[in-house]
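Trainee: With the input below, show me the fold.
(4 chains)
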There are 2 protein chains.
Amino acid sequence: MSQLPTLRQLQFLIALAEHGSFSRAAEAVFVTQPTLSAAIKELEMTLGTVLVERGARGAVLTHAGEAVLERAQRVMAEAEDLVIAAQAAGEPLSGPFRLGVIPTIAPFLLPKVLPTLRIKHPKLEVFLREDLTERLFDGLRERRLDAALVALPYESPLIETKSIWSDEFLFACTPDHPLAGRKTLDPSMLEDEPLLLLEDGHCLRDHALAACSTGTARSDFAATSLHTLVHMVKSGLGATLLPRMAVDAGLVDQMGLEVMPFDPPVAGREIGVAWRKGSARAEEALQLGEAIRESLTGQA
Amino acid sequence: MSQLPTLRQLQFLIALAEHGSFSRAAEAVFVTQPTLSAAIKELEMTLGTVLVERGARGAVLTHAGEAVLERAQRVMAEAEDLVIAAQAAGEPLSGPFRLGVIPTIAPFLLPKVLPTLRIKHPKLEVFLREDLTERLFDGLRERRLDAALVALPYESPLIETKSIWSDEFLFACTPDHPLAGRKTLDPSMLEDEPLLLLEDGHCLRDHALAACSTGTARSDFAATSLHTLVHMVKSGLGATLLPRMAVDAGLVDQMGLEVMPFDPPVAGREIGVAWRKGSARAEEALQLGEAIRESLTGQA
DNA sequence: GCGATGCCATAGCTATTATCTATGGCATCA
DNA sequence: TGATGCCATAGATAATAGCTATGGCATCGC
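Mentor: Purely as a prediction, here's the structure:
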């Protein structure tokens, strides 16, 4: 069995590749140039291959160096994951946690949930990022996020999800709408009803359309947020579907709109937590989802 | 940024988990018990978590320890891959190379190819393993093999392939067969022709059936190798399809059988090289395939 | 009970090596 | 042709990885 390189050596190689010069790379990793120089030489010795072409204008990786660099980055990333996983396993739901939330959930869920979360997990520091599902998932894949709250179903490679809450859709319209005044509604009644929806890219748009397969979207107008959406409904541009969570949070209060549920089986969307497959904080993501569910049922 | 653990510490942890005792683990990695003890303690310090429960009857990993262990094994595997990749990049096609070959290729291809390979790449030490495709692919996934020569198409997760050679199918029958004496053959002529084939599991069986979609396999007899197959044909049990490579290698010499090609477009199978996705020797696998192709065309 | 045994932790020492400072050689560029 | 920037080497030192010896503490067999 051949000798293994040191993580430190790999770290130095990565810095060297990044900065293209022994001296600057050394500076970047807070050692002196001879130290880094010796470490790279040592690495080349243990690997039995020249990794770097030294020149007067700096250093360039050889072909073998590039191959090693790629794997070195993987090894370092795995090692860093290990550290995070260890900390997470030692004390779950503590420390900085980068959570993405989609815009149709964030303003209605977070005010309810964050205070309880802060009490139950005082060591947890939640950093929030609001964005569309696809971009949140990109963030998960690129390790910029630890977890995300999104609406399901939503398939995406390398992403795993767990549903934590069912969010029912409600029909919203002006009082002079033909369907106004009803207690409940059947999706089939929305046939030929031009629905006002969010812009393309918002998963709520697709989920709403899926919920009432008979309804059609107005193609001439679309809203950029749920708040503007209800205002557009109010001004007579059409009816829409709203998540109950948003209505409960007071989205349509004092708007003078009619809001009614559907007959069972109730149409809706699932709210769930998502994480990168193999993430060091996958377990924590699940626990966070559970904590959110509890805090929702606790004060529902 | 938190301090990273050492590969050595991870190695110690893996040994400890495997042996369940500090003393025996230490022995296994050729250090003394206090050394390993100190290293594990140091690891626990840098991770900020207790990984091991010390008891009088040995050591057991904590929950966090299990989580770290799993990732530690990944990191170590990646690091070992890095070493191999470096050596491969430094001097491709050298050193030990574990090559799997399916039984319907091995006896006919290897005698042609291995001698040239030995001359062109004298430092390459090829270790051969003959088995069915699926088991070879298992070997690739479990890192017991570096590459495999198989017949394509053959989809399998985590496996990548590259075709290197087209192997035409030939029709073989006894001289008293109705189709005997023809120059060429159309697949449609095999309708209702009961074909004698290899046992289930051999991809050649499936590829042969795919080549002539009209033909049907005899379900009462099946051969375990191409050599027994031709003997069974000879004894009148039925006709069959043989890869040209095997015929060229003398499979039916002095057997008194009729062998004829198909009309274009010629039916056949692709012979290709396969490797584990992300393998440290993926590049070498490709090069090996290229070398084999060259050695085939060189003396075809 | 009570040594005997096996296991892990600690202490103190040593050898190794990682890192630093200082310096030299060698290209490139003004 | 000096000046500059870059990497390699040398020598000294601090950090640490490892070893030997030993102690404490359970468990087990008698």
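
Trainee: Quick check: pLDDT value at the residue lying farthest from the centre of chain A.
Mentor: Using CA atoms, centre = their mean, the residue of chain A lying farthest from its centre is A:Ala56. It sits 45.5 Å away. Each residue has a pLDDT score; the one for A:Ala56 is 81.

Trainee: downstream neighbour of the longest helix seen in chain A in the secondary structure list?
Mentor: If you go by DSSP state H, chain A has its longest helix at helix A:63-90. For helix A:63-90, the following helix or strand on the C-terminal side (DSSP states H and E) is strand A:95-101.

Trainee: and A:Ser23, what is it in contact with?
Mentor: Contact partners of A:Ser23, counting by CB atoms under 8 Å, 6 or more residues apart in numbering or on different chains, are A:Gln33. All C-beta atoms are positioned from the backbone trio N, CA, C, and that covers glycine.

Trainee: any idea how far it lies from A:Arg54?
Mentor: Separation of A:Ser23 from A:Arg54 (CB to CB, to the nearest Å) stands at 12 Å.

Trainee: again with A:Pro194
Mentor: Relative to A:Arg54, and taking CB to CB, A:Pro194 is found at 69 Å.

Trainee: of these two, who's got more company?
Mentor: Per other CB atoms under 10 Å in any protein chain shown, whichever of A:Pro194 and A:Arg54 has more neighbours is A:Pro194, with 16 against 11.

Trainee: ok, now which ones touch the residue nearest to the more buried one when sequence neighbours are not counted?
Mentor: Leaving out its chain neighbours, the residue that sits closest to A:Pro194 by CB to CB, 6 or more residues apart in numbering or on different chains is A:Arg218, at 4.5 Å. Shown in contact with A:Arg218 (CB under 8 Å, 6+ apart): A:Pro194, A:Leu195, A:Leu196, A:Leu197, A:Leu237, A:Gly238.

Trainee: Switch those over to TSV; also include distance to DNA strand C, pLDDT and secondary structure.
Mentor: Formatted as TSV, the contacts of A:Arg218 follow (distance: CB to the nearest atom of the strand, whole Å; pLDDT from 0 to 100; DSSP: H, G, I helix; E, B strand; the rest coil):
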residue	distance to DNA strand C	pLDDT	secondary structure
A:Pro194	67	78	strand
A:Leu195	63	82	strand
A:Leu196	62	85	strand
A:Leu197	58	85	strand
A:Leu237	64	83	coil
A:Gly238	66	82	coil
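
Trainee: of these, buried ones?
Mentor: Buried members of the contacts of A:Arg218, counted by 16 or more other CB atoms under 10 Å in any protein chain shown: A:Pro194, A:Leu195, A:Leu196, A:Leu197, A:Leu237, A:Gly238.

Trainee: Can you verify my assumption that the third one contacts A:Ser235?
Mentor: It refers to A:Leu196. No: look at A:Leu196 against A:Ser235 with CB atoms under 8 Å: they stay out of range, at 10.1 Å.

Trainee: Which strands or helices does the helix or strand hosting A:Glu18 pack on?
Mentor: Mapping A:Glu18 onto the secondary structure by DSSP H and E places it in helix A:7-19. Secondary-structure packing of helix A:7-19 (3 or more CB pairs under 8 Å, 6 or more residues apart in numbering or on different chains; DSSP states H and E): helix A:22-28, helix A:33-47, strand A:58-61, helix A:63-90.

Trainee: How far away from the center of its chain is that helix?
Mentor: Distance, stretch centre to chain centre, for helix A:7-19: 30 Å (CA atoms, centre = their mean, to the nearest Å).

Trainee: report the angle between the axes of it and helix B:63-90?
Mentor: Comparing the axes of helix A:7-19 and helix B:63-90 via axes from the mean of the first three to the mean of the last three CA atoms, to 10 degrees yields an angle of 60 degrees.

Trainee: Please name the residues that touch the closest residue to A:Leu257 other than its chain neighbours.
Mentor: What sits nearest to A:Leu257 in space, not counting adjacent residues and going by CB to CB, 6+ apart, is A:Ala172, at 5.3 Å. Residues in contact with A:Ala172 (CB under 8 Å, 6+ apart) are A:Val230, A:Val233, A:Ala239, A:Thr240, A:Leu241, A:Leu242, A:Val247, A:Val252, A:Leu257, A:Glu258, A:Val259.

Trainee: Would you mind listing the buried residues in the one helix or strand A:Ala172 maps to?
Mentor: Here A:Ala172, judged by DSSP H and E, is contained in strand A:159-173. Buried residues in strand A:159-173, defined by neighbour count with 16+ other CB under 10 Å: A:Ile159, A:Glu160, A:Thr161, A:Ile164, A:Trp165, A:Asp167, A:Glu168, A:Phe169, A:Leu170, A:Phe171, A:Ala172, A:Cys173.

Trainee: ok, the residues you listed vs DNA strand D, which is closest?
Mentor: If you rank the buried residues of strand A:159-173 by distance to DNA strand D using CB to the nearest atom of the strand, A:Glu160 comes first, at 36.6 Å.

Trainee: how much space between that closest one and A:Met255?
Mentor: In terms of CB to CB, A:Glu160 sits 38 Å off from A:Met255.
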